[in-house]
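In: Coordinates for the following, if possible.
(one chain, ligands or ions: 1)
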Amino acid sequence: MSGTVLDQIIQGVRADLAERQRSVSLADLKTAVLEQPAALNALAALQQPGLAVIAEVKRRSPSKGELASIADPAALARRYAEGGAAVVSVLTEERRFSGTLEDLDAVRAAIDIPVLRKDFTVDAYQIWEARAHGADLVLLIVAALSDQQLADFLALTEELGMHALVETHTAEEVARALAVGARIIGVNVRNLKTLDVDRDVFAPLAAELPAGLVVVAESGVRDANDVARYASEGATAILVGEALVSDSTPAERIAEFRAVAAQAN
Ligand SMILES: O=C(O)c1ccccc1NCC(=O)[C@H](O)[C@H](O)COP(=O)(O)O
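Out: Reported below is the predicted structural model:
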């Protein structure tokens, strides 16, 4: 298989997507969307005072392999919500992350805070699918999309009453996210093309972002020191996977992260 890690992931995502498209038509998804309650306001949840925590349900990853078995994603999501998470992120990519749309359904049914469908969005079908499964927020990775796709997918997301976490990793990607009017911008310190994690990536990119946006520091949060650092560098939210799924008391960890950030500012 050739190309970057991101290219390889997307190749698998497209193959799995084609399979789902064969079994569930877009028309059926649109009907399912009509039957869903309105999306929760993830933007408002992320704008509440204090550092917002997006807590991720993540079983495995290309960089670390197996992280946690997570037999009951709903139970984990409830613990995240009890700890004060603003949003729960559910990885639904199957090949590399062992996530499923069933995980999304289970989490959606278990909590009443916004849910992020975390996947590699390359087709509008996935946005309809996210809403049909109760998601309030979708991920748009700038590196994986053209400017036109980014604008179209953001517009569709908002038409469906959801919000988008628009993920960047470079100054050029930040400029592209701003150009389409993204209001929730993530800076992923993990380079999805190489898997390198470099926490120094966050501060200069966060400094480019105008006040009033939700600025999410994504990846590489190991402990309270990392949280304090991201908060002092301008993060208004953090997205945490590994540190929470490998902790026996994730609710307490989230509460600790929020308390630490309050002191850092
Ligand atoms: O986590 C990976 O190895 C990974 C590899 C390739 C593409 C995406 C990847 N992760 C997605 C994420 O952005 C993270 O799950 C998320 O930011 C949480 O990261 P962490 O707290 O470091 O688990």
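
In: Contact residues of the chain facing the ligand?
Out: 5, 9, 56, 58, 61-63, 188, 190, 192, 195, 218-221, 239-243 (Cβ under 6 Å from any ligand atom). In short, each C-beta sits where N, CA and C put it, glycine included.

In: next one: phi and psi at the residue of the stretch 151-265 of the chain at minimum distance from the ligand?
Out: Nearest residue of the stretch 151-265 of the chain to the ligand (Cβ to the nearest ligand atom) works out as G241 at 2.9 Å. Main-chain dihedrals, G241, degrees, to the nearest 10: phi -110, psi -80.

In: From what I see, it and L67 are in contact.
Out: Yes. If you go by Cβ atoms under 8 Å, G241 and L67 touch, sitting 7.5 Å apart.

In: These two: which is more packed in?
Out: A count of neighbours by other Cβ atoms under 10 Å puts G241 above the other of G241 and L67, at 25 against 20.

In: if we can go back for a sec, I'd like to know which of the residues of the chain next to the ligand are buried.
Out: 5, 9, 56, 58, 61-63, 188, 190, 192, 218-221, 239-243 (16 or more other Cβ atoms under 10 Å).

In: what about the strands in this structure?
Out: Applying DSSP state E to the chain gives strands spanning 52-57, 60-61, 65-66, 87-91, 115-118, 137-141, 163-168, 184-188, 214-218, 237-240.

In: and the most centrally placed residue in the chain, bridged to which residues?
Out: The centroid of the chain falls nearest to K118 when counting by Cα atoms, centre = their mean (4.6 Å). Beta-bridge partners for K118, by DSSP bridges, are L91.

In: Could I get the contacting residues of it?
Out: 56, 89-93, 99, 139 (Cβ atoms under 8 Å, 6 or more residues apart in numbering).

In: which neighbours do G241 and L67 share?
Out: 58, 61.

In: Spit out the contact partners of V87.
Out: Contacts of V87 by Cβ under 8 Å, 6+ apart are 42, 45-46, 52-55, 113-116, 136-137.

In: ok, which pair from those residues is furthest apart?
Out: V53 and D136 (15.6 Å; Cβ to Cβ).

In: who touches the residue of the stretch 151-265 of the chain closest to the ligand in this structure?
Out: Neighbours of G241 in contact, by Cβ under 8 Å, 6+ apart: 56, 58, 61, 67, 89, 91, 219.

In: try A231
Out: By Cβ under 8 Å, 6+ apart, the neighbours of A231 are 51, 238, 260-261, 264-265.

In: wouldn't L116 be in contact with I54 here?
Out: Yes. Counting by Cβ under 8 Å, L116 does reach I54; the two are 6.4 Å apart.

In: overlap in contacts of the two?
Out: 87-89, 165.

In: Counting neighbours, which of the contacts of A231 end up buried?
Out: For the contacts of A231, buried by 16+ other Cβ under 10 Å: 51, 238, 260-261, 264.

In: For those residues, work out which two are farthest apart.
Out: Maximum distance among these (Cβ to Cβ): 11.6 Å, for I238 and A264.

In: Now list whatever residues contact both of those two.
Out: By Cβ under 8 Å, 6+ apart, the residues touching both I238 and A264 are 227, 231.

In: For burial, what's the neighbour tally of T31?
Out: Residues lying near T31 (other Cβ under 10 Å) number 11.

In: What separation is there between it and T170?
Out: 40 Å (Cβ to Cβ, to the nearest Å).

In: ditto for L137
Out: 23 Å.

In: Between these two, tell me which one has more neighbours.
Out: Of the pair L137 and T170, L137 is the one with more neighbours under other Cβ under 10 Å, namely 27 against 14.

In: Mind listing what's buried along stretch 85-105?
Out: For stretch 85-105, by 16+ other Cβ under 10 Å, it's 85-93, 96-101, 103-105.
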